[in-house]
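*Asks:* Quick one, structure for this:
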Amino acid sequence: MFRVSFRPLLLLALIAFTIVITAQKQAPRGAGAGKTAQKSEGQPAPEVLGYWAALAARSTGPLAVSWNVREGTPAAIFGKISAPPNDGTEKSPRSFLRSNAQLFKLNTETSDLEETRSFDSLLGHHFVFKQTYRGVPVYDGQVALHYDRAGALIAVNNSYQPGVQLDSVTPKLSRAVARGRALALFNRSSVAGETEELTVLSQANGFFLTWRIVVPTDGPTWELFIDANSGALVTQRDINKYATGVGQVFKVNAVVATRDNSLRDNADSAQAVPASAYSLLTLEGLDGNGSLDGSFASSVATKKRAFDATNSFIFDRSNDGFSETMSYYYLDYAERYIQSLGFTNINNRQQVFAVNKLKADNSFYSPQSKEISYGLGGVDDAEDAEIILHEYGHSIQDNQVPGFGTTLEAGAMGEGFGDYWGASVGAQFSGGFQDLCLAEWDATSYSGTNPPCLRRLDGTKHYPEDFHGEVHDDGEIWSAALWQIRDSIGATDADTLILSAHFLLAPSASFNQGANAIVTAAISLGYKRIQLNNIRKILIDRGFNVTV
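*Replies:* Modelled structure (predicted):
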């Protein structure tokens, strides 16, 4: 166990905080000069100050830290936290956690942390530990450690919840009764795909033993927590990841393919779009069964599927087979592109989707079923590649960081990344036409702007004063910063960097944590100093607190 006397620690704490304050005062503001400088997120608990100062003193470079609001422990740390001791096993991360148990308020022996994921990325190696209490998982309780390719620790995410105390972990309410109460809230006696798990849930008024029940519907996928003793509903939330509109293939969409912003849907009319809008492109990876099933995409969730024994899927937009073909092509293309960047463990699976199940002008990715549903209201969403790719962006993040988006800022980053991903991949087909305007074909049914846009990627929103708590609007803060990085270092380097940075995030990540993850990833990937300086300046000018 790491021990040190109080007075030296107090001195180290004062030194560490002086260094942080000085760095913040000297941080360049560039175009953002004059705006209020951001303070560190949260505040450390007094009892961890000495342990934080000791860790900072042992680090091999500057550290960026944000603090768990309730516990005062580090929520995220970025930078060169330690020299390279990692040997690729959980021995090194467990040794680090035991040595710093007081800082994170962990069980000293870490016996309540179970390794749930261990994987490689372009950055290095990653370990994720899930918190349990007497064998029962603690909801959103985890610690993740991220090592670079040399074995140095470069990031830690921590949502460990200390002080869990329950009289018993044996539920008075059976699984079946809890499921019945959850389904009764939807006037259902059964539903396909629901799951139940006994979970310890932290709330403002203490810890509860609950049944976590996930109920998919044709619209939202609901996550409910039923008190395992009283049977009361403790809390619930919609966990789908949405793209919203008040709402052969096209290269991106009909507007981009024709460069004509005057086109309108006209109730799925084939005549509404000229023949010049369509392109014949190769569908890769098909199983050859006459349906749109392949290595990285499948329309199996679609009610009325397109079929052709010769695998020739040539439809115009008046037929739902066109939307199905669009979805298959762009989902398959996106995964092949990801793998071309060097990633073999990001969404390397078959993405199931549906194009004619949802009548609303809305689309969503369900983290429960791992499926994407594209809406038919207004312009069919799957006629617009940027909508298709936006939803795939949610699938990507959920695959890299399971459950990503548990807070408003994390949700906004998810929406912002989805917009960025749709625009960045779409730009490979657009010929440079309106890349900063997202989903202009879908937006023709509800937007009053010219060109019509679902959202844009060149906004001037600044954090935190333009953050209002609506994830799609707030996502424009993040997507604009990502697009500026893309303009600065190039599309391929930016896409590689942003995907790599996701591995360093927790499901509840904040904007500031996301910004520091991007800089940490850029350092670990060996990006040039001029690139690092530009990335830092872009993020700082957007209002984020970057200290690595």
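
*Asks:* Surely Glu324 is within a strand?
*Replies:* No: secondary structure of Glu324, determined by DSSP: H, G, I helix; E, B strand; the rest coil: helix, with no strand assignment.

*Asks:* what residues are up against it?
*Replies:* Taking C-beta atoms under 8 Å, 6 or more residues apart in numbering, we find Glu324 in contact with Leu292, Ser299, Thr302, Arg305, Ala306, Phe313, Val355, Ala382. Where C-beta positions appear, they are placed from N, C-alpha and C, glycine not excepted.

*Asks:* so the last one sits right up against Lys357, yeah?
*Replies:* By that I understand Ala382. No: Ala382 is beyond contact range of Lys357, at 11.3 Å (criterion: C-beta atoms under 8 Å).

*Asks:* quick one, which of these two is more surrounded?
*Replies:* Ala382 (32 against 16; other C-beta atoms under 10 Å).

*Asks:* a strand runs through Thr211, doesn't it?
*Replies:* Actually, residue 211 is Trp. It isn't Thr. Yes: using three-state DSSP, the assignment for Trp211 is a strand.

*Asks:* check contacts around the closest residue to it other than its chain neighbours.
*Replies:* The spatially closest residue to Trp211, leaving aside those adjacent along the chain, is Ala178, at 3.8 Å (C-beta to C-beta, 6 or more residues apart in numbering). Going by C-beta under 8 Å, 6+ apart, Ala178 touches Pro171, Glu196, Trp211, Ile213, Ile226, Ala228, Gly231.

*Asks:* Nearest to Asn253 among the residues you listed?
*Replies:* Distance to Asn253, by C-beta to C-beta, is smallest for Ile213 among the contacts of Ala178, at 38.4 Å.

*Asks:* Filter the contacts of Glu324 down to just the buried residues.
*Replies:* With burial judged by 16 or more other C-beta atoms under 10 Å, the buried subset of the contacts of Glu324 is Leu292, Ser299, Thr302, Arg305, Ala306, Phe313, Val355, Ala382.

*Asks:* Dump these to JSON lines, plus distance to Arg529.
*Replies:* Shown next, in JSON lines, are those (distance: C-beta to C-beta, whole Å):
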{"residue": "Leu292", "distance to Arg529": "46"}
{"residue": "Ser299", "distance to Arg529": "47"}
{"residue": "Thr302", "distance to Arg529": "49"}
{"residue": "Arg305", "distance to Arg529": "52"}
{"residue": "Ala306", "distance to Arg529": "51"}
{"residue": "Phe313", "distance to Arg529": "49"}
{"residue": "Val355", "distance to Arg529": "47"}
{"residue": "Ala382", "distance to Arg529": "43"}
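
*Asks:* now, which of the residues you listed sits nearest Glu440?
*Replies:* Ala382 (15.3 Å).

*Asks:* for the helix or strand hosting Glu196, packing partners?
*Replies:* Assigned by DSSP states H and E, Glu196 belongs to strand 195-203. When contacts are defined as 3 or more C-beta pairs under 8 Å, 6 or more residues apart in numbering; DSSP states H and E, strand 195-203 packs onto strand 136-148, helix 175-184, strand 206-216, strand 233-238.

*Asks:* Tell me how far it lies from the chain's centre.
*Replies:* Relative to its chain's centre, strand 195-203 lies at 22 Å (C-alpha atoms, centre = their mean, to the nearest Å).
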